[in-house]
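> sequence first, predicted coordinates after that:
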Amino acid sequence: PVGSGPRGRAMAAGVAKLVPPMNYGLVEEDLHRFALPTQLHFPFLERLQLRTVICLTPEDLPEDVAEWMRDTGVRCCQLGQRTPLQTPWKPASEEMVIEGLNILLNTTNYPLAVTCALGRHHTGMLVGCLRKLQGWSLTSILDEYRRHAGSKRRPLNEQFIELFDVDLVQLPAVPPKFLECRAFADAAAAAAGGHAHGAPAKPGLPKAEAAADDGAAAQVEPLEDKRVGVDTVAF
């Protein structure tokens with residue numbers, strides 16, 4: 001607990017200055033998400049020691065944010081301006097998401113953050129597609145999206161995540177730690193000519209559905225002659 005003396009008040013003031021941006025969340029170790037920050041949030045962001053920020057807004061960064069990034073040496077990847085204009089029927093382009101995922105999969109970009117105007121929709125879609133690449137169930141992916149979007153969630157964004165084809169993304173030779181298990185499972189599956197036990201072999205399906213498919217397959221027994229008194233003959 002912070003004391004009531006001068007030192008305690010100074011410590012309290014220092015803590016009070018560390019204000020995270022709206023919709024802040026820790027996605028994985030050294031991977032953060034939040035809405036566009038303001039000067040109030042700069043002291044907090046400096047503690048993250050960010051190397052890269054993926055910005056998904058089509059507008060230019062506010063001047064104070066752009067200046068803060070230049071002063072702190074943070075590299076800004078502004079993908080929102082390099083993709084076709086979004087419409088209500090097409091909330092994002094596959095090109096933007098794939099490019100964003102390629103940046104997320106490059107370990108030299110970390111510590112890293114993803115941001116958009118409010119940290120809800122474009123950020124939520126990119127993180128949702130990352131979760132799909134990790135093999136999360138669709139239920140868990142949409143639950144995370146809705147926690148950040150709140151009452152402003154958009155069914156078209158959820159549909160984009162559900163229909164996104166993770167096969168369009170190629171895992172690097174050295175993936176981030178949170179994808180190492182997936183990369184190992186994929187390598188084992190390729191070597192075995194099928195999917196390994198426990199590997200997310202159906203990334204487009206929620207885990208529950210994939211497990212149901214695997215269970216159904218496991219119940220299919222090899223054909224054999226069970227007639228009494230008939231010996232099987234090997235040819």
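All right, it came through fine. Residues are numbered from 1 along each chain as shown.
> local confidence estimate at residue 172?
We note a pLDDT of 92 for residue 172 in this prediction.
> confirm that it sits in a strand.
No: Residue 172: not assigned to a strand; according to DSSP: H, G, I helix; E, B strand; the rest coil it is coil.
> next up, the contacts around it.
Applying C-beta atoms under 8 Å, 6 or more residues apart in numbering to residue 172 gives the contacts 105-107. All C-beta atoms are positioned from the backbone trio N, CA, C, and that covers glycine.
> and the helices in this structure?
Listed in chain order, the helices found in the chain under DSSP state H are 6-16, 42-48, 63-72, 94-104, 121-134, 138-149, 155-163, 180-192, 207-218.
> just to revisit the earlier point, quick check on the contacts of residue 172: which are buried?
Using 16 or more other C-beta atoms under 10 Å as the burial test, the contacts of residue 172 include residue 105 as buried.
> ok, the contacts of residue 172 vs residue 36, which is closest?
Within the contacts of residue 172, the smallest distance to residue 36 is 22.9 Å, found for residue 106 (C-beta to C-beta).
> who touches that closest one in this structure?
Applying C-beta under 8 Å, 6+ apart as the definition, the contact partners of residue 106 turn out to be residue 172.
> tell me how far it lies from residue 21.
Distance of residue 106 to residue 21, given as C-beta to C-beta, to the nearest Å: 23 Å.
> do residue 147 as well
In this view, residue 147 and residue 21 are 16 Å apart by C-beta to C-beta.
> more neighbours, the two?
Legend: neighbour count by other C-beta atoms under 10 Å for residue 147 and residue 21, higher for residue 21 (20 against 12).
> what's the pLDDT at that one?
On the pLDDT scale, residue 21 gets 98.
> mind listing the residues bridging to the nearest residue to it once chain neighbours are set aside?
In space, not counting the residues next to it along the chain, residue 21 is nearest to residue 34; the distance is 3.8 Å by C-beta to C-beta, 6 or more residues apart in numbering. Residues found in beta-bridge contact with residue 34 (criterion: DSSP bridges) are residue 115.
> is it true that residue 34 touches residue 117?
No: under the contact definition of C-beta atoms under 8 Å, residue 34 does not touch residue 117, with a separation of 11.1 Å.
> which one's more surrounded, these two?
Neighbours per residue, other C-beta under 10 Å: of residue 34 and residue 117, the larger number sits with residue 34, 24 against 16.
> any idea how far residue 98 is from that one?
When distance is defined by C-beta to C-beta, residue 34 is 22 Å away from residue 98.
> what does residue 65 give?
Here the distance between residue 65 and residue 98 works out to 25 Å (C-beta to C-beta).
> so residue 162 makes contact with residue 138?
Yes: with contacts counted by C-beta under 8 Å, residue 162 reaches residue 138, the gap being 6.0 Å.
> more crowded one of these two?
The neighbour comparison of residue 162 against residue 138 (other C-beta under 10 Å) goes to residue 138, with 19 against 14.
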